[in-house]
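Student: one predicted model, sequence on top.
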Amino acid sequence: MQPVLIQLDAVTFAWPGQPRLLDIHSFALYRGERVFLKGPSGSGKTTLLGLLGGVLLPDSGSIRLLEKSLPELSAAARDRFRADHTGYIFQMFNLLPYLSLVENVTLPCRFSAVRRERALARSASLEQAALDLLAGLGLSDPQLLRRSVTELSIGQQQRVAAARALIGNPELVIADEPTSALDTDSREAFLRLLFAECERGGSSLLFVSHDSSLEPLFDRALSLKDINRAATSREVL
């Protein structure tokens with residue numbers, strides 16, 4: 001068994017004035033593992049990701065990433081820790097139209113000296129590190145690389161977002177419904193490229209989706225209702 005990367009114990013969370021949304025007795029993600037997490041809209045998937053990134057704090061319980069207790073860190077320390085060790089692929093990608101493709105990819109290295117140093121340890125420059133990642137994800141056409149991100153297809157934007165999450169070899173890559181706008185063949189092709197880059201960089205992957213057809217591609221798949229004791233009877237059904 002690989003060492004544990006993330007460990008949650010007795011974690012609860014509720015939004016103000018709302019019933020408890022999450023009650024997780026225990027959850028672990030291991031180094032190098034690719035985990036598929038599914039659940040319907042409103043079940044707490046995105047909230048869980050916020051807790052894992054230290055954007056949100058639990059009402060109770062322990063969240064440890066790389067043996068560091070996130071709730072015990074100050075807000076500024078959590079921001080630095082997240083920038084250093086976690087890469088995100090957002091559902092809407094969140095690419096910046098006023099930056100070039102390469103500048104979008106290298107953006108995390110502006111906020112994290114750790115990821116900048118790791119990228120430069122493998123490449124002669126941050127630009128080259130970005131180009132290598134984009135090529136690995138199937139974006140190597142020089143004409144394509146000169147386009148604005150707004151001129152790219154959904155699939156191409158998705159790969160730029162993935163390269164941004166992967167640069168500097170973060171230990172954890174979190175993907176929040178990034179394939180929802182793609183057809184089945186495109187989803188599987190993207191995932192295989194993503195897996196290869198995660199393996200090359202030594203990153204664990206937590207992939208959140210409602211598309212159960214993707215489950216067989218992962219090392220492990222679980223439903224949020226299986227670990228969340230606060231799941232409603234409607235979600236269980």
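Tutor: Received, thanks.

Student: tell me the contacts of the spatially most central residue of the chain?
Tutor: Nearest residue to the geometric centre of the chain (C-alpha atoms, centre = their mean): Ile174, 1.3 Å. Going by C-beta atoms under 8 Å, 6 or more residues apart in numbering, Ile174 touches Leu49, Leu52, Gly53, Thr86, Gly87, Tyr88, Ile89, Ala165, Leu206, Val208. Using the backbone N, CA and C atoms, a C-beta is placed for each residue, glycine as well.

Student: check Glu127 too.
Tutor: Counting by C-beta under 8 Å, 6+ apart, Glu127 has contacts Val102, Thr106.

Student: secondary structure class of it, three-state.
Tutor: Using DSSP: H, G, I helix; E, B strand; the rest coil, the structure places Glu127 in helix.

Student: how much space separates Gly61 from Arg147?
Tutor: Distance of Gly61 to Arg147, computed by C-beta to C-beta, to the nearest Å: 45 Å.

Student: neighbour count winner among those two?
Tutor: Higher neighbour count among Gly61 and Arg147: Gly61, with 18 against 13, using other C-beta atoms under 10 Å.

Student: so what's that one closest to, chain neighbours aside?
Tutor: Among residues not flanking Gly61 along the chain, Val11 sits closest, at 3.5 Å (C-beta to C-beta, 6 or more residues apart in numbering).

Student: so that neighbour touches Leu56, yeah?
Tutor: No: under the criterion of C-beta atoms under 8 Å, Val11 makes no contact with Leu56, lying 10.6 Å away.

Student: of these two, who's got more company?
Tutor: Taking neighbours as other C-beta under 10 Å, Val11 and Leu56 compare with Val11 leading, 23 against 20.

Student: got the contact list for that one?
Tutor: Applying C-beta under 8 Å, 6+ apart, we find Val11 in contact with Leu22, Asp23, Ile24, Phe27, Leu51, Pro58, Ser60, Gly61, Ser62, Ile63.

Student: in a helix, the residue nearest to the centre of the chain, correct?
Tutor: No: secondary structure of Ile174 (three-state DSSP): strand, not part of a helix.

Student: for Leu126, see how far away it is.
Tutor: In terms of C-beta to C-beta, Ile174 sits 22 Å off from Leu126.

Student: narrow the contacts of Ile174 to those in strands?
Tutor: Thr86, Gly87, Tyr88, Ile89, Leu206, Val208 (DSSP state E).

Student: what pLDDT does the third one get?
Tutor: Spelled out, it's Tyr88. Looking at Tyr88, its pLDDT stands at 94.

Student: before we move on, back to that, with distance to Gly17 and neighbour count as extra columns, can I get the contacts of Ile174 in TSV?
Tutor: Below are these laid out as TSV (distance: C-beta to C-beta, whole Å; neighbours: other C-beta atoms under 10 Å):
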residue	distance to Gly17	neighbour count
Leu49	22	20
Leu52	24	22
Gly53	24	21
Thr86	29	25
Gly87	33	28
Tyr88	28	19
Ile89	31	25
Ala165	33	27
Leu206	29	22
Val208	25	21
